[in-house]
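Asks: following is a predicted model, sequence given first.
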Number of protein chains: 6
Amino acid sequence: MSTVKLVDENSDDPRVRAVFEDIKATKKIDRIPNIWRALASHPEHLELCWTRLKAIMRPGKLDMLTKEIIALAVSATNGCDYCINSHTAAVQKLGLTSEQYGEVLAVIGLYGQMNKLADALQVEPDVRPTPY
Amino acid sequence: MSTVKLVDENSDDPRVRAVFEDIKATKKIDRIPNIWRALASHPEHLELCWTRLKAIMRPGKLDMLTKEIIALAVSATNGCDYCINSHTAAVQKLGLTSEQYGEVLAVIGLYGQMNKLADALQVEPDVRPTPY
Amino acid sequence: MSTVKLVDENSDDPRVRAVFEDIKATKKIDRIPNIWRALASHPEHLELCWTRLKAIMRPGKLDMLTKEIIALAVSATNGCDYCINSHTAAVQKLGLTSEQYGEVLAVIGLYGQMNKLADALQVEPDVRPTPY
Amino acid sequence: MSTVKLVDENSDDPRVRAVFEDIKATKKIDRIPNIWRALASHPEHLELCWTRLKAIMRPGKLDMLTKEIIALAVSATNGCDYCINSHTAAVQKLGLTSEQYGEVLAVIGLYGQMNKLADALQVEPDVRPTPY
Amino acid sequence: MSTVKLVDENSDDPRVRAVFEDIKATKKIDRIPNIWRALASHPEHLELCWTRLKAIMRPGKLDMLTKEIIALAVSATNGCDYCINSHTAAVQKLGLTSEQYGEVLAVIGLYGQMNKLADALQVEPDVRPTPY
Amino acid sequence: MSTVKLVDENSDDPRVRAVFEDIKATKKIDRIPNIWRALASHPEHLELCWTRLKAIMRPGKLDMLTKEIIALAVSATNGCDYCINSHTAAVQKLGLTSEQYGEVLAVIGLYGQMNKLADALQVEPDVRPTPY
């Protein structure tokens, strides 16, 4: 059970309503995902989160599938169940195949390991990359 | 300073030597990165790590750039300095532009935030994805 | 299901009983929270945990609400469900309003993001603070 | 060394310049902290991060000191050095005394411990809080 | 519900079958744990994970109980429920007593705290250990 | 540079002095490690931390080496540099050989990987262990 009451999908609050409409139009979905209904308990924060997510999660110099794969990698590394489910559904919808999904997980697992070994061994950087 | 002595690039140990040669050939590099020289203090573990990394980090159903982007996302989420440097250098070498790099970071940061909000709000999953 | 049997609230063990009585008196509650019943499977550890928590979680130079807000921020960042529930209940009881709770979460989310960006960018410190 | 070139404080880019001016005016500082100069390598992301941080990190239903204490708790739990330094300087500037700082750290440390014990013991929630 | 279909214990895939047989023989168990049935959705990754785990998780210069205790400490620190259950069952089977288990948890909790204090205080290393 | 002034090893504060003497006597060392000198900026917290650590980090039903190995596993998983150095020095002093150290790291790395795979795959527990 979430720590806030989930705001009704048909909320009267104009600020919430505007965001909910935009979520449905942008994502082409009929139902508002629970995370947004929970965030709506604080309308200003809802607005800040949604406008920023919308600006970042659209095709840019990277395609949507790559962006959702990054979201999945971050969520798995953080162990966030809600987000793992949500981004697994997203990559599936965007056409990631079962074999590709297996490779995504293999890379996530691999660096879950290598990161900890590099930390444990206190390895110092090799030559640094040229800064971007 | 690392917690183990970095094994010399010209190690006499045949097991270490074989892995070092394979690293140089596979990655087309002249110097052995420090992480492998550190892992070489336990040759069997070096071998296990390298053969597995080699099997995962080659083009498969996903291209190399996507794999290195995942590695960067995991490393940034774990806050592993050595790995962040190493995978930033790798994506750069594979052609990720400055603008694309900015987008990768924007997505990493975004879900660093959204994951914590979903956890804090104890949001329950929406409809689950169809399992792969 | 917890990995240890939860010790009965009316345990005969004098060490456990003393801590349980103190928990009820200090927190002005009737039931022993599950975490303490689980820790009681190792009475010495129960005692160490409780006496230390009791010494820290009392009004000092900081008020109780600030302390519970910190506890919530740490628990959300760690993604510990039991603790998120427990500290959400605590801040609510201490009078944190819904709007304030929304702001607490906004700050937690914000630095969940900014921390990862600072790590990913390998940003070096500006001028250091004067040590306390 | 950061993974991007730090953008000059006197950047010609109008978008960057506007954010930099706003940072200096809002925070009443003369120098742009390194994190913003690094983010400026991707002006759109800089803008998104700054406008959102500005909206959250101002006195609201919570005072600034409480907000900076939360930022410090999150940063310490994530182990982000840059952010720990930055928020330690901030709480100091806002008047947190040495004794209060000691209490903040005591609470951060305490729940770093209790979170892990609750996870390890797989403790199930007691009665849930009434949702906000 | 897992994000992939759990592969049947009697899978026809020869690669999966070989690993499943080896898991049962090596661990002296009759049922395949869910993690391996999930990984089997990508047979090559299953093989890579199992052969590596098998090579590491056998008595070497450290006994099996010590290895499983390390696995439990890592899993509790990462807050991975599946793994906490699995390694708790393992240490129990290997003879760890209730009192010893209590001590393992006490140490895990203690350094969950001390790690965060050392990070928060930005403590610099004392004299470094002589590298192994 | 630490965020607090390191308290002098010959502090006049009787509370600090008592703890420092006890640290030197208990650990059979001449110099006070930096973490304790930093914690001494808040004498009550110093006392709480030290008395609890002293009670847990002594031979009990588990020997000291096993306890220090757990401390190292937790510290590596948390990526705490100060603590990784400190506990690496400790296991070395207690006789852990280079080969054993390699095995400790192999197990830490392995479960850094397996934990993330179990989370990513949302694997449900097999039969639960009998609670301790």
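Replies: That came in fine, so what should we check first? Numbers count the residues shown, from 1 in each chain, chains lettered A, B, ... in the order given.

Asks: is the biggest helix by length in chain A up against chain C anywhere?
Replies: With secondary structure taken from DSSP state H, chain A has its longest helix at helix A:98-121. No. Using CB under 8 Å from any CB of the partner chain, helix A:98-121 never reaches chain C; the gap is at least 11.6 Å. For every residue, glycine as well, the C-beta is placed using N, CA and C.

Asks: end-to-end on stretch A:70-85?
Replies: 14 Å (CA to CA, to the nearest Å).

Asks: quick one: it near chain F?
Replies: Yes. If you take CB under 8 Å from any CB as the test, stretch A:70-85 does meet chain F, through A:72, A:76-77, A:79, A:81, A:84-85.

Asks: can you tell me if the longest helix of chain A touches chain D.
Replies: No. Taking CB under 8 Å from any CB as the criterion, helix A:98-121 and chain D are apart, separated by no less than 10.2 Å.

Asks: check contacts around A:L53.
Replies: Taking CB atoms under 8 Å, 6 or more residues apart in numbering or on different chains, we find A:L53 in contact with B:110, B:114.

Asks: element containing it?
Replies: Secondary structure assignment for A:L53, by DSSP states H and E: helix A:43-56.

Asks: list the residues that contact the residue positioned nearest the centre of chain A.
Replies: Note on chain A: the residue nearest the mean C-alpha position is A:A71, at 4.3 Å, using CA atoms, centre = their mean. By CB under 8 Å, 6+ apart, the residues touching A:A71 are A:57, A:83, A:87, A:90, B:107, B:110-111.

Asks: and for A:K116?
Replies: Applying CB under 8 Å, 6+ apart to A:K116 gives the contacts B:78, B:80, F:76-77, F:79, F:108-109, F:112.

Asks: which one of these is nearest chain E?
Replies: Nearest to chain E among the contacts of A:K116 is F:T77, at 4.2 Å by CB to the nearest CB.

Asks: how much space separates the closest residue to the closest one other than its chain neighbours from C:N78?
Replies: Counting by CB to CB, 6 or more residues apart in numbering or on different chains, F:T77 lies nearest to E:T77, which is 4.2 Å off, once chain neighbours are set aside. According to CB to CB, to the nearest Å, E:T77 stands 10 Å off from C:N78.

Asks: and whichever residue of chain A sits closest to chain C, how far is that from D:K54?
Replies: In chain A, the residue that lies nearest chain C is A:H42 (2.8 Å; CB to the nearest CB). Per CB to CB, A:H42 is found 17 Å from D:K54.

Asks: check A:L65 too.
Replies: Taking CB to CB as the measure, A:L65 falls 32 Å from D:K54.

Asks: higher neighbour count, these two?
Replies: Set A:L65 next to D:K54 and count neighbours by other CB atoms under 10 Å in any protein chain shown: A:L65 wins out with 17 against 14.

Asks: quick check: which element contains the more buried one?
Replies: In this structure, A:L65 sits in helix A:64-78 according to DSSP H and E.

Asks: that helix vs helix C:64-78, what angle?
Replies: Going by axes from the mean of the first three to the mean of the last three CA atoms, to 10 degrees, helix A:64-78 is angled at 120 degrees with respect to helix C:64-78.

Asks: quick one: helix A:64-78 to helix F:98-120, angle?
Replies: Going by the same axes, to 10 degrees, helix A:64-78 makes 120 degrees with helix F:98-120.

Asks: just checking, next helix/strand downstream of helix A:64-78?
Replies: helix A:81-93.

Asks: that next one to helix A:98-121, inter-axis angle?
Replies: 140 degrees.

Asks: number of residues surrounding whichever residue of chain A sits closest to chain E?
Replies: Using CB to the nearest CB, the single residue of chain A nearest to chain E is A:G102, 2.8 Å away. A:G102: 21 surrounding residues under other CB under 10 Å.

Asks: which ones are touching it?
Replies: Contacts of A:G102 (CB under 8 Å, 6+ apart): E:41-42, E:44-45.

Asks: who in chain A is up against chain C?
Replies: So chain A meets chain C at A:3-4, A:41-42, A:44-45, A:48-49, A:78-80 (CB under 8 Å from any CB).

Asks: just checking, A:H87 touches A:I70?
Replies: No. If you go by CB atoms under 8 Å, A:H87 and A:I70 don't touch, sitting 9.1 Å apart.

Asks: quick one, which of those two is more surrounded?
Replies: Just comparing A:H87 and A:I70: by other CB under 10 Å the higher neighbour count belongs to A:I70, 28 against 25.

Asks: so who does the more buried one touch?
Replies: Counted by CB under 8 Å, 6+ apart, A:I70 has contacts B:69-70, B:73, B:104, B:107-108, B:111.

Asks: so how far is A:R58 from it?
Replies: 14 Å.

Asks: ditto for A:T77
Replies: 23 Å.

Asks: between the two, who's got more neighbours?
Replies: In this view A:T77 and A:R58 are compared by other CB under 10 Å, and A:T77 has more residues nearby, 28 against 10.

Asks: now chain A, which segments are flagged as low pLDDT?
Replies: Scanning chain A for pLDDT under 70 picks out no residues.

Asks: what does it put close to chain F?
Replies: Going by CB under 8 Å from any CB, the residues of chain A near chain F are A:72, A:76-77, A:79, A:81, A:84-85, A:105, A:108-110, A:112-117, A:119-122.

Asks: which PyMOL command selects the buried ones in these?
Replies: With 16 or more other CB atoms under 10 Å in any protein chain shown as the criterion, this PyMOL line picks the buried residues out of these:
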select buried, chain A and resi 72+76+77+79+81+84+85+105+108+109+110+112+113+114+115+116+117+119+120+121+122
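
Asks: is it true that A:V16 touches A:P43?
Replies: Yes. Taking contacts as CB under 8 Å, A:V16 lies within contact range of A:P43: 5.2 Å.

Asks: and those two? which has more neighbours close in?
Replies: Per other CB under 10 Å, whichever of A:V16 and A:P43 has more neighbours is A:V16, with 24 against 19.

Asks: what sits against that one?
Replies: A:7, A:40, A:43, A:46.

Asks: excluding sequence neighbours, find me the nearest residue to the first one.
Replies: When the adjacent residues along the chain are set aside, A:V7 lies closest to A:A40, with 3.7 Å between them (CB to CB, 6+ apart).

Asks: burial count for A:D30?
Replies: Neighbours around A:D30, by other CB under 10 Å: 7.

Asks: re earlier: pull out the buried members of the residues of chain A next to chain C.
Replies: Buried among these by 16+ other CB under 10 Å: A:3-4, A:41-42, A:45, A:48-49, A:78-80.

Asks: among those, which are in reach of chain E?
Replies: Checking these against chain E (CB under 8 Å from any CB), the matches are A:G79.

Asks: thought A:W36 was touching A:D22?
Replies: No. Using CB under 8 Å, A:W36 makes no contact with A:D22, being 10.2 Å away.

Asks: mind listing the shared neighbours of those two?
Replies: The overlap between the contact sets of A:W36 and A:D22 (CB under 8 Å, 6+ apart) consists of A:W50.

Asks: any residue of stretch A:119-131 touching chain B?
Replies: Yes. Legend: contact between stretch A:119-131 and chain B by CB under 8 Å from any CB is shown at A:119-126, A:128-130.

Asks: up against chain D, what does chain A have?
Replies: A:1-5, A:41, A:44-45, A:48, A:52, A:55-56, A:128-129, A:131-132.

Asks: A:P33: how many residues sit nearby?
Replies: Residues contacting A:P33 under the criterion other CB under 10 Å number 17.

Asks: out of everything not next to it in sequence, what's closest to it?
Replies: Take A:P33 and drop its neighbours on the chain: the residue closest to it by CB to CB, 6+ apart is B:D126, 5.0 Å away.
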